[in-house]
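> sharing a model that was predicted from the sequence below.
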Amino acid sequence: MKIIKKGGILLLIVFVLIQCFGPEKNVGDLSSIDAFLVETNPPEDVKNILKETCYDCHSNVTRYPWYNSITPVNYWLAGHIKDGKKHFNMSNWADNSTNRKDHKFEELIEMVEAKNMPLKSYTWTHTKAKLTDQQIKSVLNWAKLVRLKYTLAPKPE
């Protein structure tokens, strides 16, 4: 029994100590998304969906929940954000070529149609991010129009 008690105390000490460490936060300026919004011109309802559902993982602007203060949860969240930004980042939109933008919207359409975005683990704690069928339809209609714009854009020679 003494070993279990000592092991428990040691685990508690380690848990308390690791709370002093955490990943870098994804805290940027909301204006970093402006170029994306201007270029893709989402209707107001889609803008709201993007804000509630996409910005946290797909931009340089994350609203962190209270449990982000707990290590190792904060590392798990940081991994999701890093991966989300790798696949689709609205904050660096202007840096992408037209072909890349078209491809990113192709992927966006595929993920939303398959209901793979937003992630289930995200919607567990962000209930406003659960998309209704009408919201999905609005996002897809907008995304397909944007994609058409990129498809028809003149290609650099």
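Nice, I can see it.

> so, low pLDDT: which residues of the protein?
16-18, 20-21, 155-157 (pLDDT under 70).

> so where do the strands sit in it?
Ranges of strands within the chain: none, based on DSSP state E.

> mind naming the longest helix for it?
Longest helix in the chain by number of residues (criterion: DSSP state H): helix 133-152.

> now do the same contact list for S91.
28, 32-33, 36, 59-61, 85 (C-beta atoms under 8 Å, 6 or more residues apart in numbering). Bear in mind the C-beta positions are built from the backbone N, C-alpha and C, glycine included.

> one more pass at 7 Å, please.
Counting by C-beta atoms under 7 Å, 6 or more residues apart in numbering, S91 makes contact with 28, 32-33, 59-60.

> hang on, the earlier thing: for the longest helix of the chain, C-alpha coordinates in CSV please.
The C-alpha coordinates for helix 133-152 follow below in CSV (Å, rounded to 0.1, in the frame of the first residue of the first chain):
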residue,chain,number,x,y,z
ASP,A,133,-28.1,20.5,-43.2
GLN,A,134,-29.0,24.1,-44.2
GLN,A,135,-25.6,25.4,-43.0
ILE,A,136,-23.8,22.7,-44.8
LYS,A,137,-25.7,23.6,-48.0
SER,A,138,-24.9,27.3,-47.6
VAL,A,139,-21.2,26.6,-47.1
LEU,A,140,-21.1,24.2,-50.1
ASN,A,141,-22.9,26.6,-52.4
TRP,A,142,-20.5,29.4,-51.4
ALA,A,143,-17.4,27.1,-51.7
LYS,A,144,-18.5,25.9,-55.1
LEU,A,145,-18.9,29.5,-56.4
VAL,A,146,-15.5,30.4,-55.1
ARG,A,147,-14.0,27.3,-56.6
LEU,A,148,-15.5,28.2,-60.0
LYS,A,149,-13.9,31.6,-59.7
TYR,A,150,-10.5,30.0,-59.2
THR,A,151,-11.0,27.4,-62.0
LEU,A,152,-11.9,30.1,-64.5
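
> in space, what's closest to the residue nearest the centre of the chain - neighbours in sequence excluded?
For the chain, the residue sitting closest to the mean C-alpha position, by C-alpha atoms, centre = their mean, is C57 at 1.8 Å. Sequence neighbours aside, G84 is the residue nearest to C57 in space, at 3.2 Å (criterion: C-beta to C-beta, 6 or more residues apart in numbering).
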